[in-house]
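S.K.: sequence unknown, structure follows:
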């Protein structure tokens with residue numbers, strides 16, 4: 001009886017200890033999405049968020065970190081610097097005029113940066129890659145806010161729904177972009193992924209592809225950023241910071257609807 005009694009006491013002591021045992025799990029690596037999520041250009045951020053999230057379906061070794069650019073170049077610089085201080089962040093997807101400013105590009109330091117679309121700022125750093133054709137910058141004039149009178153030809157900002165809503169008569173206004181309109185299957189997948197997800201815009205599939213590229217290249221949370229950068233270069237997707245063999249599409253507003261020009 002004495003032996004059995006001490007065995008029972010030992011089990012009772014052991015149970016609380018094992019029940020409270022903490023299993024330490026490794027935090028996943030992170031891919032940041034830096035874009036405007038507030039203010040006049042918030043459409044840019046939200047139109048990218050849900051396609052990016054879709055790329056993370058069934059992915060456990062990498063997590064998405066969405067960050068608002070703050071609405072100015074200076075706040076975008078602050079956000080970029082904060083991301084560089086997070087060792088788990090291995091790469092950044094960037095959209096918008098402020099977040100692609102040359103001073104923001106410099107603030108990313110050694111972080112690999114994939115810019116989706118062209119926002120009137122060419123790549124300034126060896127770690128910055130643009131999912132756009134190298135031919136597009138020379139086709140466009142200077143940057144204009146979407147509230148200003150539109151030029152005859154604009155970039156990806158002119159493809160925003162908010163731009164069309166601000167200007168009731170856009171007949172003849174053209175948009176040049178490497179973005180391709182999403183097909184019905186992709187639209188359905190994005191909208192089914194979240195009850196608040198709107199239909200993806202012109203850059204939706206490119207955001208998905210850019211995010212998927214980074215996910216595939218990141219092996220583990222301990223992977224150095226320099227190795228991610230080397231892996232991006234090794235893909236052969238980019239030449240001199242631009243998307244090699246990228247398409248150049250010309251779209252035109254007809255009765256307020258953006259369609260590809262013949």
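M.R.: Noted; the coordinates are in hand. It should be emphasised that the depicted structure is a prediction, and the values quoted were computed from it without experimental measurement.
S.K.: quick one, strands of this structure?
M.R.: Listed in chain order, the strands of the chain (DSSP state E) span 29-35, 62-68, 89-94, 113-116, 128-131, 153-154, 174-177, 238-239, 242-243, 249-254, 257-260.
S.K.: between those strands, which gets nearest to residue 221?
M.R.: strand 29-35 (4.4 Å; CB to CB). For every residue, glycine as well, the C-beta is placed using N, CA and C.
S.K.: list of residues touching the closest one?
M.R.: The contact list for strand 29-35, computed with CB atoms under 8 Å, 6 or more residues apart in numbering, reads 44-45, 48-49, 52, 61-69, 76, 79-80, 83, 86, 88-96, 99, 211, 214-215, 218, 220-221, 223.
S.K.: could I get the average pLDDT for it?
M.R.: For strand 29-35, mean pLDDT rounds to 99.
S.K.: for stretch 71-86, same thing?
M.R.: Mean per-residue pLDDT for stretch 71-86: 99.
S.K.: thinking again about what came up before, filter the contacts of strand 29-35 to the buried ones?
M.R.: With burial judged by 16 or more other CB atoms under 10 Å, the buried subset of the contacts of strand 29-35 is 44-45, 48-49, 52, 62-64, 66-69, 76, 79-80, 83, 88-96, 99, 211, 214-215, 218, 221.
S.K.: surely residue 63 and residue 26 touch.
M.R.: No: with contact defined as CB atoms under 8 Å, residue 63 does not reach residue 26; the gap is 11.7 Å.
S.K.: grab the nearest non-local neighbour of the most centrally placed residue in the chain.
M.R.: The centre of the chain sits closest to residue 93, judged by CA atoms, centre = their mean, with a distance of 3.3 Å. Nearest residue to residue 93 in three dimensions, chain neighbours excluded: residue 33, at 4.8 Å (CB to CB, 6 or more residues apart in numbering).
S.K.: just grab the bridge partners of that neighbour for me.
M.R.: Beta bridges link residue 33 to residue 66, residue 93, judged by DSSP bridges.
S.K.: tell me where the model's unsure across the chain.
M.R.: Applying pLDDT under 70 to the chain flags the ranges 1-25.
S.K.: now do 90
M.R.: The chain contains residues with pLDDT under 90 at 1-26, 58, 60, 168, 172, 198-199, 219-220, 255-257, 261-262.
S.K.: residue ranges for the helices of it, please.
M.R.: Ranges of helices in the chain, per DSSP state H, are 2-19, 42-55, 73-84, 102-107, 161-166, 184-193, 204-217, 225-235.
S.K.: can you put those helices in CSV and add distance to residue 254?
M.R.: Output for the helices of the chain, formatted as CSV (distance: least, CB to CB, whole Å):
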stretch, distance to residue 254
helix 2-19, 67
helix 42-55, 21
helix 73-84, 35
helix 102-107, 35
helix 161-166, 12
helix 184-193, 21
helix 204-217, 21
helix 225-235, 37
